[in-house]
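Participant: Structure for the following, please:
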Amino acid sequence: MPSDPRDVLTRPAPPPDATVAYGGHPDQCADLRHPAGDGPARPLVVVVHGGFWRAEYDRTHTGPMAVALAALGHPVAQLEYRRTGRPDGGWPRPLTDVLAGVAALPGLAAAALPGRVASAPPVLVGHSAGGHLALYAAAHAPDSVGGVLALAPVADLAEAYRLDLDAGAVAALLGGGPADVPDRYAAADPSALVPIRVRTVVVHGVLDQQVPVSTSRSWVAADRAAGGDATLIELPECEHFGLIAPDSAAWPRVVEALRSLHDDLPGIDAASPTR
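Facilitator: Below you'll find the model as predicted:
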């Protein structure tokens, strides 16, 4: 029997090398992974986890992915943020937390991983709702972001609300629909923030049942029509979770997409461990 793709959500990973705080709330933190080998300092890779912004999903499930990226020579930070379903997790806290974390983490990681983090803006790797947050951060703070790899991102919040993705997840994040809180959609919806002035690659599986690939197609088309240069890579045999599973058939494509964002990022090393 083939494994359930959702197994990656509960797969264990080694503990991080350090955990740093970028704010006073317990969820304003990030786990750091030391890059393998003795290579040069490289830009920090900030992994922004998904889970439809809900409290029941945290950064833990990105552990295997972060370990695999560190094995390829990347310094990695698994960013945590406040999430919906708790009194202190609603609008606008998930979004402002990601902005604060992205701004603070390069310095925090450089201090914790001396000599391994370049003094350059980080590259953001966001999955699902984390892909939305990565696009949001790039739109609102482009000077703080060196590139975005958006994996099956929720790139159109109005459409995600219309489709009722994850049973009201967008309404829980923003406090209602586009007719209820239009200013929040204007500020938070990547479809309203094009063009993104940061190099952006979107990777989406055609078999995705959680976030339809059509949302990435329409967002990339809108970004390019507005003068952006976002690119879309569609993976015909991939669903939602293979994009963050280092043992999946999709993973080499994810790594190459990340490599394309920055000349200083290493490519795939066949000898590097992925688990």
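
Participant: in the helix ranked longest in the chain, what's buried?
Facilitator: Criterion DSSP state H: the longest helix present in the chain is helix 93-112. Neighbour-count burial for helix 93-112 flags 93-95, 97-106, 108-110, 112 (criterion: 16 or more other C-beta atoms under 10 Å). Any C-beta I mention is one placed from the backbone N, CA and C, and that applies to glycine too.

Participant: How about stretch 199-216?
Facilitator: Those would be 199-205, 208, 210-213, 215-216, for stretch 199-216 by 16+ other C-beta under 10 Å.

Participant: Would you mind measuring the gap between the ends of it?
Facilitator: Taking C-alpha to C-alpha, to the nearest Å, stretch 199-216 runs 15 Å from one end to the other.

Participant: what sits against the nearest residue to Ala158 once chain neighbours are set aside?
Facilitator: Of all residues not flanking Ala158 in the chain, Pro178 sits nearest, at 4.9 Å (C-beta to C-beta, 6 or more residues apart in numbering). Residues near Pro178 by C-beta atoms under 8 Å, 6 or more residues apart in numbering: Ala158, Tyr161, Tyr185.

Participant: what do you get for Ser218?
Facilitator: Ala155, Asp156, Glu159, Ser191.

Participant: Surely the second one is in contact with Trp219?
Facilitator: Spelled out, it's Asp156. Yes. Taking contacts as C-beta atoms under 8 Å, Asp156 lies within contact range of Trp219: 5.6 Å.

Participant: Return every residue with contacts to both of these two.
Facilitator: Common neighbours of Asp156 and Trp219 (C-beta under 8 Å, 6+ apart) are Pro190, Ser191.

Participant: ok so, going back, select from the contacts of Pro178 every entry located in helices.
Facilitator: Using DSSP H, the contacts of Pro178 in helices are Ala158, Tyr161, Tyr185.

Participant: List the contacts of the first one.
Facilitator: With contact taken as C-beta under 8 Å, 6+ apart, Ala158 is in contact with Pro178, Tyr185, Asp189, Ser191.

Participant: coming back round to it: CA atoms only: put the helix or strand that comes right after the longest helix of the chain into CSV for me.
Facilitator: Following helix 93-112 in sequence order, the next helix or strand is strand 123-127 (DSSP states H and E). Taking C-alpha atoms only, strand 123-127 is exported to CSV below (Å, rounded to 0.1, in the frame of the first residue of the first chain):
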residue,chain,number,x,y,z
VAL,A,123,14.5,33.4,0.9
LEU,A,124,11.0,32.5,2.0
VAL,A,125,9.7,29.0,1.4
GLY,A,126,6.0,28.9,2.2
HIS,A,127,3.6,26.0,1.9
